[in-house]
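Participant: I'd like to go over a predicted model; first the sequence, then the structure.
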Amino acid sequence: MEELTTLGNSKQRILEELLEKPSVVYELSDKLNIRSNAIREHLAMLESRGFVEYKFVKTKIGRPKKTYSISANGMKLFPKKYDLLLKILLDELTTENGTIWVQDFLRRAGERIVKEEGTKSKDISDLLTFYNSLGCMATAIEKDGNIVIKRNNCIYYSLALDTNNAFCGTFEDALIESMLPSYKVIKKDPISKDKYDCEITLSKSES
């Protein structure tokens, strides 16, 4: 998944402005002190990648203005501390209901997220597509008759560290079992401090 900083300073500044409010070319040009032609070029590239969109807005005088706004995909470029919020929620739920209840809750959450995504196929490629839609940068290889899934960008990194990987142990198992009932998890290489990737080894279940 592309990161905001890889787009370059000018495109990043444009997205930051559009995050604040929709704008037309001359407004962005004046605010950022960048030539209008250059703004148009940056916007064209951002639009081609699905990070911005536009619509024509009617005005009281003159022709409708071509107004740009950040898209849902553009919003995803900006970091969000979901893991911190989730950790706080899990801590509070554990205090109120106990560890066993939270583990059961995470299992149900793993099953539900598969259902919510509407995944119908039962194939490794579907699991990879699902992981990558979350930003995991997942790949899979066959090794010794098993499937090894590697995720280079653990989206639960901070949460996994804080919970000693317990979050992955319940949520991830339920997710995989729901999506791939013909496979079972036989090994996990969890993340650790300064290690941002993880591996999950799956084996085909016996019929």
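Facilitator: That came through fine.
Participant: Now stretch 134-142: average pLDDT?
Facilitator: Regarding stretch 134-142, the rounded mean pLDDT is 84.
Participant: Need the distance between the two termini of it.
Facilitator: 23 Å (CA to CA, to the nearest Å).
Participant: Need the contact partners of that stretch.
Facilitator: Contact with stretch 134-142 is made by 1, 76, 124, 127-128, 131-132, 147-155, as judged by CB atoms under 8 Å, 6 or more residues apart in numbering. Where you see a C-beta, it was placed from the backbone N, CA and C, and this is true even at glycine.
Participant: I191 and L161 touch, don't they?
Facilitator: Yes - using CB atoms under 8 Å, I191 makes contact with L161 at a distance of 7.0 Å.
Participant: From P79, how far out is the residue nearest the centre of the chain?
Facilitator: The centroid of the chain falls nearest to L134 when counting by CA atoms, centre = their mean (3.2 Å). According to CB to CB, to the nearest Å, L134 stands 14 Å off from P79.
Participant: D30 sits in which helix or strand?
Facilitator: D30 is part of helix 25-32 when elements are defined by DSSP states H and E.
Participant: phi, psi of R13?
Facilitator: Backbone torsions for R13, taken as degrees, to the nearest 10, come to phi -60, psi -40.
Participant: neighbours around the spatially closest residue to it that is not a sequence neighbour, how many?
Facilitator: Leaving aside its sequence neighbours, R13 sits nearest to L32 (CB to CB, 6 or more residues apart in numbering; 5.5 Å). Applying other CB atoms under 10 Å, we find 17 residues neighbouring L32.
Participant: hmm, back to that, of all the contacts of stretch 134-142, which comes closest to L19?
Facilitator: Closest approach between those and L19, by CB to CB: K76, at 11.8 Å.
Participant: hang on, the earlier thing: report the buried residues of the helix holding D30.
Facilitator: For helix 25-32, burial by neighbour count (16 or more other CB atoms under 10 Å) applies to V25, E27, L28, S29, L32.
Participant: How about the contacts made by the nearest residue to the third one once chain neighbours are set aside?
Facilitator: If you skip the residues right next to it in sequence, L28 has I39 as its closest partner in space, 5.0 Å away by CB to CB, 6+ apart. When contacts are counted by CB under 8 Å, 6+ apart, I39 touches I14, V25, L28, S29, L32.
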